[in-house]
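>>> Here you go, sequence then predicted model.
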Amino acid sequence: MSVFYPHPHALCLRGSTSSISASASMDCGAKLITDTQTNDLCFEGTKERVKKMFDQIELSVSSYDTAWVAMVPSPTSPKNPCFPACLNWLLDNQLSDGSWGPFHHHPLLIKDTLSSTLACVLALRRWGVGEEQMTKGLRFIESHFASVSDENQFAPVGFDIIFSGMIEYAKDLNLKLPLRSTDIDALFHKRDLELQSCLRESSKGSKAYLAYVSEGIGKRQDWEMVMNFQRKNGSLFNSPSTTAAALAHIQNAGCLYYLNALLEKFSDAVPTLHPFYIYPRLCMVETIESLGIGQHFRKEITSVLDETYRCWLQGEEEIFLDPATCALAFRLLRVNGYDVSSEPLNGFAEEHFFNSLGGYLKDLDAPLELFRASQMIIHPYDQVLEKHKSWTSHFLKEELSNRLTCANKHKEHIILQKVNDALEFPHYASLERLVHRRNIANYAVDDIRILKTSYRSSSFGNKDFLRLAVEDFNACQSIYREELQQLERWVQEKRLDKLKFARQKLAYCYFSAAATICSPELSDARITWAKNGVLTTVVDDFFDVGGSEDELLNLIHLVEKHDVDASIRCCSEEVEILFSALQSTISEIGEKAIAWQGCNVTTHVTEIWLDLLRSMWQEAQWLKNKSVPTVDEYMTNGYVSFALGPIILPALYFIGPHLSEVVVKSAEYNLLFKLVSTCGRLLNDIQTFKRESMEGKLNAVSLHLIHDTNSVTETVHEEMKRIIEDRRIELFRLVLQENGSCVPRACKELFWKMSKVLHLFYRKDDGFTSHEMIDVVKAVIYEPISLDQH
């Protein structure tokens, strides 16, 4: 929901951790068009505002919950309110149309406004004050009552039960409502049907739901059952309204303690949810990272994660009683290198979820977060995450299918889009810049969420996040276009476009760099990655179809000598073009590395290229001699011949951290390379098996079938997919591992990013032949973002 305004009055707690306040300044985003000449001053100003949000989480005030707190009688003087400040707030904060609630009514949230207004009228009637305000409130209810039966309206959780219960409470207070008896009877009938359904089901989830909407059940409620849901902080579901309703009916010290603490923080009005510290701050981190602007807030993000980790170790209820918060905390902590176990997520297994309030309401947020968390597997056979992946993916696919047919409400559309993206683009096949663009396009400015009343927070649906993301994306994109133009000139200067046998895939090679190595300052890494990507493609084509045996040997010998005159020692023009391009590129990388590493790395880059050329020569000899290597022989050579070495390894020198010779020769460094290359080789061989078989070429699939005559193609494919998954999990574990690791984290991440590229490229075919790639290349490099109002 993108066009909605919060109540203008503020809740504000300033402390060492975070604050809650309502702000009228968070209006809906008008058209956002960013040009490459961004005003630096404006950009920096927006960044500063966002930084402050990490310490002051804004959450809209709830007239609805404040009214229920105002209705609680004093334990020592039952004829007086326990919280008179809340009553005074209601008297002072009625809107001009007679309602209470959000300052600007969204046309689909009239039920929410009616519920808040009736609750406020009841609170005034309960204590015999505000005759004028009650009259205006009743007039608003009368004029908008038709919305109660409008199925197109958003309904707050438990609306039919709670609104009916408030009408009955009005009778107890001798308050005459200006409503027709037939309309009231129809509402009661709908309420009774829902209550009967809950009682028939009699599950833990339905009991949690009935407890959550206790204020609508009133004197008929089983308060002993309700108190089973009381938390350590004294609240029921962290809900001020539910807790207040319980305290009004039974004397409970925990409930009183919670509400007293609440009013100490917020003085005279309350939010609809408290505490609400950890989740919104994690949402900020997640949102900022997913929009591609995390690099501007590293200090703030680290602070949030450090604090979350402390709360995780201390077993904070706010994390471990809420599946969405627990799953989000687990995912963000694990992916950022914190040592967290998946075991706490076992408390939100399938049976637990469907026996919870969220499961009863078929909430999608918690299963979605659990599904995302389930992809953070770093140990084989992690049963907790495997089980979550199984049930959440099934549940989300089923709900997506069922709800798409009737998703005519904007809020439903937003969550369904998130579900679809999560299912379609798994973590291990999501390229950063594509994720950023997709999230920017789908970002809902001024997002509204609904429990028993609507609420907003600065941590989601914030136009400043969107503005920064658009400006940053377009500014980076202009750099990418300049780099690609530079590379196009390089291809022409090196005459690579003259090689008729070679595929011209510069745009794809550069796309894979720009989509993963996003930071503007890493231009050298992107250029190195892209140039070597082009050269490996051309060299692969030369060994496959373009060169004779003499030419292949000539090229290898020239690279071995490296510092020779190409025009004299080359046996053909093709070899001369290839060697000249290789020689100059290797030398350029070696010299550029001096500024980054303090030494020339020409020798190492030459060795990387020689490893590749020799592995390609081995494959050419197998083909020529019609040899049939074993699967092990093929894979030992094949992970090198897959040609990732020249693309990834030289680029590591331009990522930032120092890479000593000890690191480059370490077992960890070489294992990282072997794992990602093995994934790539097997992904390629699965997808190209049919084509290569027709061409008489051997690959991992055909060799399995040759050496195991009892195997069939489908079985081999499944076994290879299992190997790919195992290698991918091992790679992810190595990337996140800190203890005993000598390869810098930023460098390890480049191997993981290449793994993501491979899994995306080989989703449907062998990557370079996919028409879909044309669209994603345009999205990352050529098409600036222009966002209209959502």
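That came through fine. Computed from a predicted model, the values in this text were never measured in an experiment.
>>> wait, what's in contact with residue 281?
When the contact criterion is C-beta atoms under 8 Å, 6 or more residues apart in numbering, the partners of residue 281 are 18, 54, 57, 304, 307-308, 459. Where C-beta positions appear, they are placed from N, C-alpha and C, glycine not excepted.
>>> Would you mind giving the secondary structure of residue 447?
At residue 447 the chain is in coil, as set by DSSP: H, G, I helix; E, B strand; the rest coil.
>>> Distance of it relative to residue 631?
Going from residue 447 to residue 631 by C-beta to C-beta, to the nearest Å gives 52 Å.
>>> Between which two of the contacts of residue 281 is the distance greatest?
Spatial extent of the contacts of residue 281 (C-beta to C-beta) is set by the pair 307 and 459 at 14.5 Å.
>>> Which one of those two is surrounded by more residues?
For residue 307 versus residue 459, neighbours defined as other C-beta atoms under 10 Å are more numerous around residue 459 (25 against 15).
>>> check contacts around the more buried one.
When the contact criterion is C-beta under 8 Å, 6+ apart, the partners of residue 459 are 53, 57-58, 280-281, 283-284, 287.
>>> Residue 647 too?
By C-beta under 8 Å, 6+ apart, the residues touching residue 647 are 529, 532-533, 536, 754.
>>> ditto for residue 98
Residues touching residue 98, when contacts are defined by C-beta under 8 Å, 6+ apart, comprise 117, 136-140.
>>> Inside helices: which ones of the residues you listed?
Among the contacts of residue 98, the residues falling in helices (DSSP state H) are 117, 136-140.
>>> My read is that residue 345 contacts residue 384, right?
Yes. Using C-beta atoms under 8 Å, residue 345 is in contact with residue 384, at 5.5 Å.
>>> For stretch 258-268, give the mean pLDDT please.
Averaging pLDDT along stretch 258-268 yields 96.
>>> hang on, the earlier thing: tell me which of residue 345 and residue 384 has more neighbours.
More crowded of residue 345 and residue 384, by other C-beta under 10 Å: residue 345, with 25 against 19.
>>> How is the more buried one assigned, secondary-structure-wise?
Recorded secondary structure, residue 345: helix (three-state DSSP).
>>> How much space separates the nearest residue to residue 429 once chain neighbours are set aside from residue 503?
Nearest in space to residue 429, with sequence neighbours left out and distances taken as C-beta to C-beta, 6 or more residues apart in numbering, is residue 759 at 3.8 Å. Taking C-beta to C-beta as the measure, residue 759 and residue 503 are separated by 21 Å.
>>> which of these two has more neighbours?
residue 759 (20 against 14).
>>> Which residues does the helix or strand harbouring the more buried one contact?
For residue 759, the enclosing helix or strand under DSSP states H and E is helix 745-761. Where contact means C-beta under 8 Å, 6+ apart, the residues beyond helix 745-761 that reach it are 337, 426, 428-432, 512, 515-517, 644, 647-648, 651-652, 655-657, 659, 672-673, 675-676, 679-680, 683, 728, 731-732, 734-735, 738, 741, 767-768, 770, 773.
>>> Give me the distance from that helix to the chain's centre.
Relative to its chain's centre, helix 745-761 lies at 18 Å (C-alpha atoms, centre = their mean, to the nearest Å).
>>> For that helix, buried residues please.
Within helix 745-761, the residues scored as buried using 16 or more other C-beta atoms under 10 Å are 747-748, 750-761.
>>> Residue 276: neighbour count?
Residues within reach of residue 276, counting by other C-beta under 10 Å, total 20.
>>> Can you say which helix or strand has it in it?
In this assignment (DSSP H and E), residue 276 forms part of neither any helix nor any strand.
>>> quick one: it and residue 60 touch, right?
No. No contact is recorded between residue 276 and residue 60 when judged using C-beta under 8 Å, the distance being 11.0 Å.
>>> which residues do these two both contact?
Shared contacts of residue 276 and residue 60, defined by C-beta under 8 Å, 6+ apart, are found at residue 457.
>>> follow-up on the earlier one: can you say which of the contacts of residue 98 are buried?
If you count burial by 16+ other C-beta under 10 Å, the buried members of these come out as 117, 136-138, 140.
>>> where exactly do the strands run in this protein?
For the chain, the strands identified by DSSP state E occupy 32-33, 449-450, 454-455, 786-787, in order along the chain.
>>> Confidence-wise, which of these is weakest overall?
When the strands of the chain are compared on average pLDDT, strand 32-33 comes out lowest at a mean of 41.
>>> Just list what the top helix by length along the chain packs against, helices and strands only.
Criterion DSSP H: the longest helix present in the chain is helix 463-493. Using 3 or more C-beta pairs under 8 Å, 6 or more residues apart in numbering; DSSP states H and E as the contact criterion, the elements in contact with helix 463-493 are strand 32-33, helix 40-53, helix 432-442, helix 506-514, helix 523-541.
>>> In terms of mean pLDDT, which of these ranks lowest?
strand 32-33 (a mean of 41).
>>> OK, contacts around the closest residue to residue 177 other than its chain neighbours?
In space, residue 177 comes closest to residue 170 once its chain neighbours are excluded; the distance is 5.4 Å by C-beta to C-beta, 6+ apart. In this structure, residue 170 makes contact with 118, 121-122, 125, 176-177, judged by C-beta under 8 Å, 6+ apart.
>>> Need the pLDDT of residue 170.
Listed pLDDT for residue 170 reads 97.
>>> if I look at the closest residue to residue 188 other than its chain neighbours, how far off is residue 492?
Once its chain neighbours are removed from consideration, residue 188 has its nearest residue in residue 164; the separation is 5.5 Å (C-beta to C-beta, 6+ apart). Plainly put, residue 164 is 76 Å away from residue 492 if you go by C-beta to C-beta.
>>> more crowded one of these two?
The residue with more neighbours, out of residue 164 and residue 492, is residue 164; 22 against 11, by other C-beta under 10 Å.
>>> thought residue 136 was touching residue 95?
No. Counting by C-beta under 8 Å, residue 95 is not a contact partner of residue 136; they are 9.2 Å apart.
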